[in-house]
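**Student:** with the input below, show me the fold.
(chains A and B)
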Amino acid sequence: MATVSAVNTSRQRVLESLNHRQPDRIPIDFGGSATTGIHVSCVAELRDHFGLEKHPVKVVEPFQMLGEVEDDLKLALGVDVTPVPGPRTMFGFANENWKPWSLNGLEVLVPGNFNVTVAENGDTLIYPEGDLTALPSGRMPKGFHFFDAIIRQNHFDPDHLDPSDNLQEFELLSQADLDDIAVKTRAANTGEYATFASFGGTALGDIALVPAISLKDPRGIRDVAEWYVSTRSRRNYIHQVFSRQVEIAIENLERIYQRIGNSIDVLFLCGTDFGTQTSSFCSVPTFRELWLPYYKQMCDWIHSHTSWKVFKHSCGSSERFYESFIEAGIDIVNPVQCSATGMDPEYLKSKYGERLVFWGGGVDTQQVLPFGTPQEVREQVLRRCQIFSPGGGFVFNTIHNIQAGTPVENIVAMVDALRSFGA
Amino acid sequence: MADLKKLYDAVLNGDAKTAVAVTQEAIAEKLDPAVLISDTMIPAMAEVGRLYECEEYFVPELLLAARAMKGSLALLRPLLAASGTKPTGKVVIGTVKGDLHDIGKNLVASMLEGGGFEVTDLGADVSPDKFVSTVREMKPDLLCLSALLTVTAPSMRVTIEALKQAGLRESVKVMVGGAPVTPEFAREIGADGYSENASQAVVTARQFCHPDKAA
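**Tutor:** Below you'll find the model as predicted:
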């Protein structure tokens, strides 16, 4: 029988699991990052359910409209992780100067520069840096729950492409940004929770970021299909973008490390999805040519200078890339989409359980959690915990964010199942 | 003389410039556009589909091949219309209400076009009313509904209900697909067909339009 480590804090529990040792119970993340969060409407319902103080919930990630998981809700859910966000949101404004806003009738708080207009068809349009004189960069269809990027590829000339155009959003951090990171890290690093940092700048071709919704006037390849095509037809261009981006990223990581040292436990490296529901976006050889060297450069720097663990998000059928992820130096994979082809949880645990931490995989958010019964939720959660938890190497999270419209009783069934398992 | 092997390879390799150039040559030489499509374009796109199925091709290669094919078809389609050639079938396609994602839907549309179907693409975030009015107007053989998001998949059910209420449900076969869609979900909402990728969508569509000739 595996030895169970004694822990005094949530942070120790997470670190035990990240180091592939059996903690006292399964560590849990909700709200640690932009791919492990909860939609603001579900946060509000959970707060009501648990009888927590009634107040409008802050939208801490305005693209997917993720709600803040405050300490009282962390306690109710058993959360062991706290986020360390970067200086700005995906729309290029800071999370500050909160103001009320109504999301389909639910009163929430949004950042002061969360500036929107309503289109003729009733859709909500949002603006980069909150600048209403710029073209909008995000659209929320009327009656729906989060934004999607508006493609702005207004300076695209396929015969005269300049890689520096696709580096527009990757710059050296300013002193003000470094100060901001230091302040946020200090606030998060109380020793109670594991700290999960998302500083940005290290994602290589994340399709959610390619449209550069933070920029007022993006240049280069910004259309999603054009980017995918370019990974095949303009590979040299992509190499040049990634190569320079990684130079900038490592310089930023060095400067961040000088300020915060080992005060963060986990770094969100990249959210590029390599899997689809049944296949992948590229072959393994393509991944090894176009991505692996750059991931490895960043991971090598991180592992040789810091104690940070590296977190890689990749939806869908991603197992075929796991050996390459490990070779690159990635420690943690998310969201572990077990419903995708080749992602059987028992197989994943037996093949990679000692080399990768599974941060996710806890319950399916495409079918079971939003549309199943509480009993179905409970059964899946218990089964996944049985499979993933032995020997550590597991942080419980739903498979990607909890979506708007998910019944609160199903979320509660998930939490209850975790408790009954001993988490 | 137009080198049709070159056209086939151009589609397969996603070389739009060559595909267009060879098609122009073929048109100048008065080759029958229907034969060009049936003997070159459809086999090329079928091979693209096969390569996707066996994971030699991925989304980028599909997109590139689709562009090459579209460049060629744009030149051939007016000639086809003039000659009165019948398509394999008529399809209306769109991403359902609330969902702005269109790459998967575009790939299905392209593969269907490459399979000889006449495709009317309504785009993304298409309301049930728009689907209904287009079905009424165009009288397609097939209506294809796409969704990427878990939260928008239920819009498929609403769209099928709207077809029923308009008395059009029996006039058209409904196919659904997209990341959150499963065969069980397709059955539950009353769709006629489901396919898990763009290549399979062509096979399923053929079964509906020409059950005798389906691969």
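
**Student:** can you give me the strands for chain B?
**Tutor:** B:90-95, B:118-121, B:142-146, B:173-177, B:193-194 (DSSP state E).

**Student:** now do A:D29, the pLDDT please.
**Tutor:** Note for A:D29: predicted pLDDT of 98.

**Student:** likewise B:C209?
**Tutor:** On the pLDDT scale, B:C209 gets 88.

**Student:** check the strands of chain B for me and report the most buried one.
**Tutor:** By mean neighbour count, with neighbours taken as mean count of other Cβ atoms under 10 Å in any protein chain shown, strand B:142-146 ranks first of the strands of chain B at a mean of 28. C-beta here means a position set from N, CA and C on the backbone, and glycine is covered the same way.

**Student:** so which elements touch the host helix or strand of A:L267?
**Tutor:** According to DSSP states H and E, A:L267 maps onto strand A:266-270. The elements that strand A:266-270 packs onto, with contact taken as 3 or more Cβ pairs under 8 Å, 6 or more residues apart in numbering or on different chains; DSSP states H and E, are strand A:194-198, helix A:292-305, strand A:309-313.

**Student:** tabulate these (TSV), appending distance to chain B, mean neighbour count and mean pLDDT.
**Tutor:** Below are the helices and strands packed on strand A:266-270 laid out as TSV (distance: least, Cβ to the nearest Cβ, whole Å; neighbours: other Cβ atoms under 10 Å in any protein chain shown; pLDDT from 0 to 100):
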stretch	distance to chain B	mean neighbour count	mean pLDDT
strand A:194-198	22	26	98
helix A:292-305	16	18	98
strand A:309-313	16	25	98
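
**Student:** before we move on, the earlier item: what pairs with the strand holding A:L267, parallel or antiparallel?
**Tutor:** Next to strand A:266-270 in the sheet, as set by DSSP bridges, lie strand A:194-198 (parallel), strand A:309-313 (parallel).

**Student:** what comes into contact with the last one?
**Tutor:** It refers to strand A:309-313. With contact meaning Cβ atoms under 8 Å, 6 or more residues apart in numbering or on different chains, strand A:309-313 is reached by A:18, A:33, A:35, A:196, A:265-273, A:295, A:298-299, A:302-303, A:325, A:329-335, A:357, A:359.

**Student:** chain center to the helix or strand just after the strand holding A:L267, what's the gap?
**Tutor:** Using DSSP H and E, the helix or strand that follows strand A:266-270 in sequence is helix A:284-290. Helix A:284-290 sits 23 Å away from the centroid of its parent chain (Cα atoms, centre = their mean, to the nearest Å).

**Student:** kindly export helix A:284-290 (C-alpha atoms) in CSV.
**Tutor:** The C-alpha trace of helix A:284-290 is given here as CSV (Å, rounded to 0.1, in the frame of the first residue of the first chain):
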residue,chain,number,x,y,z
VAL,A,284,3.5,13.7,-34.2
PRO,A,285,6.5,14.4,-36.6
THR,A,286,5.0,17.8,-37.3
PHE,A,287,4.7,18.5,-33.6
ARG,A,288,8.3,17.4,-33.1
GLU,A,289,9.5,19.6,-35.8
LEU,A,290,7.4,22.7,-35.2
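
**Student:** packing partners for it?
**Tutor:** So helix A:284-290, by 3+ Cβ pairs under 8 Å, 6+ apart, packs with helix A:224-233, helix A:235-260, helix A:322-328.

**Student:** kindly recompute the last result at 10 Å.
**Tutor:** Applying 3 or more Cβ pairs under 10 Å, 6 or more residues apart in numbering or on different chains; DSSP states H and E, one finds that helix A:284-290 contacts helix A:224-233, helix A:235-260, helix A:292-305, helix A:322-328.

**Student:** who in the stretch 301-423 of chain A is up against chain B?
**Tutor:** Proximity of the stretch 301-423 of chain A to chain B, by Cβ under 10 Å from any Cβ of the partner chain, involves residues A:315-316, A:320, A:337, A:339-341, A:364-367, A:369-371, A:400, A:403-406.

**Student:** switch to 7 Å and redo it
**Tutor:** Applying Cβ under 7 Å from any Cβ of the partner chain, we find that the stretch 301-423 of chain A lies next to chain B at A:T365, A:Q366, A:P370, A:Q403, A:A404, A:G405.

**Student:** let me see the contact set for the second one.
**Tutor:** By that I understand A:Q366. Applying Cβ atoms under 7 Å, 6 or more residues apart in numbering or on different chains, one finds that A:Q366 lies in contact with A:S339, B:T150, B:P180.
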